[in-house]
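Novice: got a sequence here, can you model it:
(one chain, ligands or ions: 2)
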Amino acid sequence: MRIAYTSEQIRAAEQALMALLPPGTLMQRAAAGLAAACAGALAGRAGRVYGSRVAVLAGGGDNGGDALYAGARLARRGARVEAVLAGSRAHEAGLAALREAGGRAAPYSEERAREALGGADLILDGLLGIGGSGALRQPYADLVTLANQAPGLRVAVDVPTGVASSDGRVEGPAFRADATVTFGAYKTGLFVDPGAEHAGEVTLVDIGLGPYLPDPDVAALTAADVGALWPRPGAESDKYRRGVVGIAAGGSRFTGAAVLAVGGAVRSGAGMVRYAGQELPVSAVRARWPEAVITTLKPGEGVEEVGRVQAWVLGPGLGTDDDALQVARSVLAGDEPVVIDADGLTLVARERSLLRRRAPVLLTPHAGELSRLIGAPREQIEARRLEHARRAASELGATVLLKGSTTVIAEEGRPARVNTNGIPWLATGGTGDVLAGIAGTLLAAGLSCYDAASCAAYTHALAAREASAGAPLAALDVAESLPRALRALLSPASL
Ligand SMILES: NC(=O)C1=CN([C@@H]2O[C@H](COP(=O)(O)OP(=O)(O)OC[C@H]3O[C@@H](n4cnc5c(N)ncnc54)[C@H](OP(=O)(O)O)[C@@H]3O)[C@@H](O)[C@H]2O)[C@@H](O)CC1
Ligand SMILES: [K+]
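Specialist: Residues are numbered from 1 along each chain as shown. Ligands and ions are numbered 1, 2, ... in the order given. Coordinates of the predicted model:
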């Protein structure tokens, strides 16, 4: 599990640790780790540290101090280091160390910045760290824009400048890092987009904060975590014990959604899949997934006669007319956990009382669907994903999986989980239906909504990577790649 913290949590831990150590110790630990990472990057890019050119962008706070000290260490190894000082003040001891090591430094002017950045093999962003807040003031904003246009390797110190370290918000220009070297612990803003996509590859430097950190703010599951949580059949298992998933999806307009949701459930290892839908989607599902046990619903009928299931998937392609509403009512009247997706979300947004039930509910909206559910504008949701997913979970009394470039899973009283291994090709029609099917399988096998959502998001992204291998993909490819993704997760030795 990779865990991350807000700036306030990090600051509190740092203060507790700093009180026990001689002044400056933590900054020296940070600078040493940063310089080592930069030296490695320079050796990879320019072939050596000696003689390579480094531009240090230094703000007036301790983030600038880290960068100046790291610059000093690189200068001592023979790098030509040039610092641009952006604040009205500079970290004095860091600046003195840099100069003593033979590095140069001067206050910001556009000309100087262009000169330093233009020829740099490596650009160190020490403008703002966890002390930054709001949109960048000048000259920080201009410096970041210039740095983003420069050809050198961009390394952010602690957090890319312009990214809100506590939640990944970006308002205006922000440093686009190839790599971020972060200190003490991961920051939430490095895990959640748009911050995450500005951070590049993130390296953590241990400065000894561990014992002083509280419960994390967010967590990201790793392959090993998902492998450990994934339900495996035992010798005693039969199809009922492994979990029967009911799928109420598809309508006369969207027959494919039913095929994809059933595919997600079948391919992720459901004991059995029961599909309930009207005639048209029934024939599509029957043709593609002979494993599914099918109930054909007449208009106006609910799912009462479908037989026993342990969890439901409600909504992909279902439509939003009276027949669909009847199906939704009958599914949600039951005692099984339910994944509500797509048209199911539109139906419950219209009729909120449907969410008042005892059994768990997992909602899987994208930003537009969440906007209808909680009445916040879509752009705001996209800009502040974590905040809105948490708000929705609390207001709606459900687990919320907010889809997007970073998938966020929120449940009241627990750290939010994020899935960062998605790929842009995954943003294509129908992939959400497959995800709902996977989550249904996991709920039916007995996982909580929180774990089912997190494992489904991870596996779905991994299957997409398998299916894509750098090329565009179709949603059914993702379902078909699930066995390969699961093989890697469940028996890593087969890789
Ligand atoms: N604490 C520790 O033990 C350790 C901390 N470490 C390091 O310290 C970093 C935190 O340092 P920090 O607290 O000095 O804050 P930092 O990020 O440098 O920024 C403060 C400056 O930013 C300015 N500013 C703010 N917003 C702005 C905006 N929008 N646009 C423009 N300016 C803006 C603000 O200006 P002001 O608002 O005060 O005028 C102030 O001058 C942390 O990320 C890590 O790198 C490591 O060495 C490990 C040990
Ligand atoms: K920074």
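Novice: now the element after the one helix or strand residue 401 maps to, going C-ward?
Specialist: In the assignment (DSSP states H and E), residue 401 maps to strand 399-402. The first helix or strand that comes after strand 399-402 along the chain, using DSSP H and E, is strand 407-410.
Novice: each with direction, which strands does whatever helix or strand comes next after that following strand pair with?
Specialist: Remark: after strand 407-410, the chain's next helix or strand is strand 416-419, criterion DSSP H and E. Strand 416-419 sits in its sheet next to strand 218-220 (parallel), strand 407-410 (antiparallel), going by DSSP bridges.
Novice: would you map the strands across the stretch 251-400 of the chain?
Specialist: Here the stretch 251-400 of the chain has its strands, by DSSP state E, counting those that start in this stretch, at 272-277, 293-296, 311-314, 338-340, 361-363, 399-402.
Novice: about what we covered before: most tightly surrounded among the strands paired with strand 416-419?
Specialist: The highest mean neighbour count among the strands paired with strand 416-419, using mean count of other Cβ atoms under 10 Å, belongs to strand 407-410: a mean of 28. The way it works is simple: take the backbone N, C-alpha and C, and place the C-beta from them, glycine included.
Novice: just the mean pLDDT for that strand, thanks.
Specialist: The average of the pLDDT scores along strand 407-410 is 97.
Novice: then stretch 127-137?
Specialist: The average pLDDT within stretch 127-137 is 96.
Novice: now the helices for the stretch 201-350 of the chain?
Specialist: Ranges of helices within the stretch 201-350 of the chain are 223-229, 239-242, 255-267, 279-288, 322-332, 343-350, based on DSSP state H, counting those that start in this stretch.
Novice: model confidence score at residue 47, please.
Specialist: Reported pLDDT for residue 47: 88.
Novice: cool, and residue 473?
Specialist: So residue 473 comes in at 94 (pLDDT).
Novice: do I have it right that it meets residue 429?
Specialist: No: counting by Cβ atoms under 8 Å, residue 473 stays clear of residue 429, with 11.2 Å between them.
Novice: please name the residues that touch the residue lying farthest from the centre of the chain.
Specialist: No residue in the chain sits farther from the centre than residue 100, which is 42.2 Å out by Cα atoms, centre = their mean. Neighbour list for residue 100: residue 72 [criterion: Cβ atoms under 8 Å, 6 or more residues apart in numbering].
Novice: need the residues of the stretch 151-300 of the chain near ligand 2, please.
Specialist: With Cβ under 5 Å from the ion as the criterion, the stretch 151-300 of the chain meets ligand 2 at residues 156-157, 161.
Novice: if we take these, which one ends up nearest to ligand 1?
Specialist: Here the nearest of these to ligand 1, counting by Cβ to the nearest ligand atom, is residue 157; it sits at 5.5 Å.
Novice: excluding chain neighbours, what is closest to that closest one?
Specialist: Nearest non-adjacent residue to residue 157, counting by Cβ to Cβ, 6 or more residues apart in numbering: residue 126, 4.4 Å away.
Novice: which strand residues bridge that neighbour?
Specialist: The partner residues for residue 126, given DSSP bridges, come to residue 58.
Novice: which other helices and strands contact the one helix or strand in the chain whose mean pLDDT sits lowest?
Specialist: Scoring the helices and strands of the chain by mean pLDDT, DSSP states H and E places helix 239-242 at the bottom, with a mean of 80. Applying 3 or more Cβ pairs under 8 Å, 6 or more residues apart in numbering; DSSP states H and E, one finds that helix 239-242 contacts strand 272-277.
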